[in-house]
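# Fold the stuff below for me.
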Amino acid sequence: MSQIIEVQVPDIGNFDSVDVIEVLVKAGDGIAKDDSLITLESDKASMDIPSPQAGTVKEVKVKVGDKVAKGSLILMLETAAATVLASKPAAATENKPAPALAPTAAPAGNADLHAEVLVLGAGPGGYTAAFRAADLGKKVVLVERYPNLGGVCLNVGCIPSKALLHAAKVITEAEEMAEHGISFGKPQIDLAKLRSWKENDVVDKLTDGLTQLAKQRNVTVVYGLGRFTSANRLEVRAADGKASSISFDNAIVAAGSQATKIPDIATDPRIMDSTGALALDDIPKRLLVVGGGIIGLEMGTVYDAFGSKVTIVELGDGLIPGCDRDLVKPLHKRMEKRFEKILLKTRVVKIDPRKDGIHVTFEGDNAPEPQLYDRVLVAIGRRPNGKNIGAENAGLFVDERGFIPVDKQMRTNVPHIFAIGDIAGHPMLAHKATHEGKVAAEVIAGHKVEFQALAIPSVAYTDPEVAWAGVTETEARQKGLEIEKTSFPWAASGRALSIGRTEGATKLIFDKGSKRLIGVGIVGTNAGELLAEAVLALEMGADAEDIGLTIHAHPTLSETVAFASEMAEGTITDLYIRKK
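Down below sits the predicted model:
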């Protein structure tokens, strides 16, 4: 006995009129559950619509070029009346993986949901872990405290900041072309339109795409603040106060971090963290940035280009602590010319918001008299959220700083609970989290893998950019390593000359005995993009000859990596190096 059912377009997120660009079935076709029926495309994403059941197509109701929305009729399907809506079986994976982790017994009592893999936090690490686990056949529940997937990075961090940095770069490049004979008028900045572009055309496209990817993988998303209540149970409290419970066999903690605050600072909308700075409510005449790390310098770069007089105050003796000083020097010199002040070895001792502005008092080697600012951005780092998730109820160890220690397979002290990303330790970077997320998901699925990255790249998207990976020169000296350093100045690069940005340099650090590359640092335009080749070389164990003999396109900035390698080999012709 069979029955005819209507197959309609399911919930496809925030799309109300989407083009059909491909019809993948025809009348008479036999299809399985989850076989793709049609492909839709909007200005934000393309997606395949799967069949909810197995059966035979009786009549297709759409054609290429039609516009559809949730509830639109796709086709009529003849299916057996007793068809069970089973989950799609797991796809074949690598050859003979190790047995999957045996789940521990769930506590007594009913939960609202059960997950084979629960992921707490939907930032880059969390959604990657959830999607990878689903691809490996696991029933996944993804819990996110904010209204959109993507975490801090996509919503109020990496992505929106890079959009504003691009806008800033356009402004500064236009200004600097005046020296080369091309002048533009003063930029007219429409903040409302700029915010709309950042939020709707950049952030929303990515977060909507993640929502669709979750739907395609049958990942259940639960929005609300999650806290462990036991080693196999999580309570999620939604924005309206309603609570639900989720039981799980395995969990991956990807709860991220939050901005570090100055103790006892007054609450005032003019005193911002990075999220407030990205909101771009206005362009202050004078902006103080507390903290000379990557976040503070990036936002300082944005507000400087938009017209603010920016002051950076840093307690240490240099910007971007942890980065080699020779890489930071060109950035410091450029910022000194553009910013109002850079105050090193200086601390803020008082921030006093008043009606006429924010009064700030300093102390230290370079401390000025008390100053008045329109806004203050506090960017003194981030702290992990390990103490905010009820970890003690699950038996998870959390150190005094809020980190959850893990082994190379991302396991915590509780064998069936894993931790990734910011909460699992430094460096607190999105791209580290994504790789850790895949490892955790694959270990849960029974694969014999571990996190073995030889180098994790770091990039400051300032102007110029500063990027590095592997062993820094400072670390090499501290560890007593025998190294050979080469640094190719961009003043000798045809490409750098042609774009008027010769302040850069490409530095490579080789092991003196083997000539293997062990570290790299680049300062200059697009340094973050140039870093990728060197990181691959680090991972592959390349030596100076490998890189130098690789033909690079001319004229490009990527040539500087090859030139630095040729300097180590003694074969360079683009510079004259006196023989010792």
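# Can you list the buried residues in stretch 453-462?
Neighbour counts over stretch 453-462 (16 or more other CB atoms under 10 Å) mark 455, 457, 458, 459, 460, 461, 462 as buried. The way it works is simple: take the backbone N, C-alpha and C, and place the C-beta from them, glycine included.
# next one: stretch 253-272
253, 254, 255, 256, 257, 258, 259, 265, 270, 271, 272.
# Would you mind measuring from the second one to residue 535?
So that's residue 254. The gap separating residue 254 from residue 535 is 23 Å, by CB to CB, to the nearest Å.
# Kindly report the same for the third one.
Summarising the geometry, the distance separating residue 255 from residue 535, computed by CB to CB, is 27 Å.
# quick check, distance from the helix or strand hosting residue 545 to the centre of its chain.
Taking DSSP states H and E as the criterion, residue 545 maps to helix 544-548. Mean-position distance between helix 544-548 and its chain equals 31 Å (CA atoms, centre = their mean, to the nearest Å).
# Kindly report the same for stretch 51-63.
Averaging C-alpha positions (CA atoms, centre = their mean) puts stretch 51-63 39 Å from its chain's average.
# Now do it, average pLDDT.
Averaging pLDDT along stretch 51-63 gives 90.
# So for that stretch, what gets flagged as buried?
Within stretch 51-63, the residues that count as buried by 16+ other CB under 10 Å are 51, 52, 53, 54, 55, 57, 60, 62.
# Same question for stretch 60-80.
In terms of neighbour count (16+ other CB under 10 Å), stretch 60-80 has its buried residues at 60, 62, 66, 68, 72, 74, 75, 76, 77, 79.
# for the stretch 201-350 of the chain, what spans make up the helices?
Listed in chain order, the helices of the stretch 201-350 of the chain (DSSP state H, counting those that start in this stretch) span 204-216, 274-279, 294-305, 325-338.
# highest average neighbour count across these?
Mean neighbours per residue, mean count of other CB atoms under 10 Å, is largest over the helices of the stretch 201-350 of the chain for helix 294-305, with a mean of 25.
# In space, what's closest to the residue nearest the centre of the chain - neighbours in sequence excluded?
Nearest to the geometric centre of the chain sits residue 430, at 3.7 Å (CA atoms, centre = their mean). Nearest residue to residue 430, sequence neighbours excluded (CB to CB, 6 or more residues apart in numbering): residue 124, at 4.2 Å.
# and the gap between that neighbour and residue 299?
Residue 124 is 20 Å from residue 299, where distance means CB to CB.
# How about residue 356?
Distance, residue 356 to residue 299, using CB to CB: 24 Å.
# swap in residue 281?
To residue 299, residue 281 is 13 Å away according to CB to CB.
# next one: residue 453
Per CB to CB, residue 453 is found 28 Å from residue 299.
# pLDDT wise, what is the closest residue to residue 154 other than its chain neighbours at?
Using CB to CB, 6+ apart and skipping residues adjacent in sequence, the residue nearest residue 154 is residue 206, 5.3 Å away. pLDDT for residue 206: 94.
# I'd assumed residue 151 was in contact with residue 206.
No: contact criterion CB atoms under 8 Å: residue 206 and residue 151 do not qualify, at 11.2 Å.
# so who does the residue nearest to the centre of the chain touch?
Applying CB atoms under 8 Å, 6 or more residues apart in numbering to residue 430 gives the contacts 123, 124, 125, 153, 157, 158, 421.
# Highest neighbour count among these?
Sorting the contacts of residue 430 by how many neighbours each has (other CB atoms under 10 Å) puts residue 125 first, at 35 neighbours.
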